[in-house]
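In: from the sequence below, what's the structure:
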Amino acid sequence: MFLTLTLHQAESFKSECYGGTGLYYRGDSAGVMNCVKDCDPESKFSLLSDNIIALSYLTNERHFLLITSLGGDRSCGGIVKEAWVVLHDTPEDCCTHEYDWIENGLCAARSTLSPLNKYWADKTNAKCEDDSVNPTTDLSAAIYNSIESCCSEGLSWLTEAECLSASGMNTTGLGTNKYYVDFVSVQCSQDCEGPAPCGGLAKQWDILYDTEDECCEQIWWIAKRDCVKE
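Out: Below you'll find the predicted structure:
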């Protein structure tokens, strides 16, 4: 008995199991605000190639079409049937032409359901978020490559140290160690985290002084022994 491997063009099988082009198109019809792939999201199988591999047993000419299980692709928006739909080679290309108001990397990540390891500014809560951990729902948001650039550009009314602290970063050593007047306690506090004389990280509006004496001069009516936070 001989076993041979032959190629057979299974046109009828292909037409019934056509899986789309795999290219990208605007996702309005799929109910999403990003690009989607031209394929069936419910399909669990895909042909291995256009030429279906068949195993032919010469003894009885039985043929078996080989398929591979995919388990479905959630980035699929459905198979395109309308000739007027514009197809793009890549999600980035689709995003550039169809959603130019969304930052390209953000749009492409949403289109492929991939995590985006970049940052966006949560202006309501005054902190920067890692999009791969807490994805933004505002697709018009500016996206930053680093948390530092997010803080300096997206939340410019905060000091970098204050922004990093609010964003969950370790702020040890981030203060300037200069002094500022804490008008709540009416004392001079040091711009640092930790025990006194640290008073927490200075705000953007706090005026910083190089020494205790310079700071204490600003609240001259307080005795020197009581001026600095202890």
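In: which ones are touching Val186?
Out: 219, 222 (C-beta atoms under 8 Å, 6 or more residues apart in numbering). Placement of C-beta: from N, CA and C, glycine included.
In: can you do 10 Å?
Out: Val186 makes contact with 219, 221-222, 226-227 under the criterion C-beta atoms under 10 Å, 6 or more residues apart in numbering.
In: of these, select the buried ones using a ChimeraX command.
Out: Selecting only the buried entries of those in ChimeraX, with 16 or more other C-beta atoms under 10 Å as the criterion:
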select :227
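In: surely Cys107 is in a helix?
Out: Yes: Cys107: assigned to a helix according to DSSP: H, G, I helix; E, B strand; the rest coil.
In: what about this structure, any weak spots by pLDDT?
Out: Residue ranges of the chain with pLDDT under 70: 1-17, 43-72.
In: what segments of it are strands?
Out: 3-8, 24-26, 35-37, 45-47, 52-57, 63-65, 67-69, 119-122, 127-130, 179-182, 187-190 (DSSP state E).
In: and Met169, how many neighbours?
Out: Met169 has 17 neighbours, counted by other C-beta atoms under 10 Å.
In: tell me the contacts of the spatially most central residue of the chain?
Out: With distances taken as C-alpha atoms, centre = their mean, Leu116 lies nearest the centre of the chain, 2.9 Å away. Applying C-beta under 10 Å, 6+ apart, we find Leu116 in contact with 103, 105-110, 130-132, 135-136, 143.
In: among these, which one lies nearest to His97?
Out: Set against His97, the nearest of the contacts of Leu116 by C-beta to C-beta is Cys107 (10.8 Å).
In: so Pro197 touches Glu230, yeah?
Out: Yes: Pro197 is in contact with Glu230 according to C-beta atoms under 10 Å; the separation is 6.9 Å.
In: anything in contact with each of the two?
Out: Contact with both Pro197 and Glu230 is made by residues Gln187, according to C-beta under 10 Å, 6+ apart.
In: Ile79 touches Ala30, doesn't it?
Out: No: Ile79 sits out of contact with Ala30 when judged by C-beta under 10 Å, with a separation of 11.2 Å.
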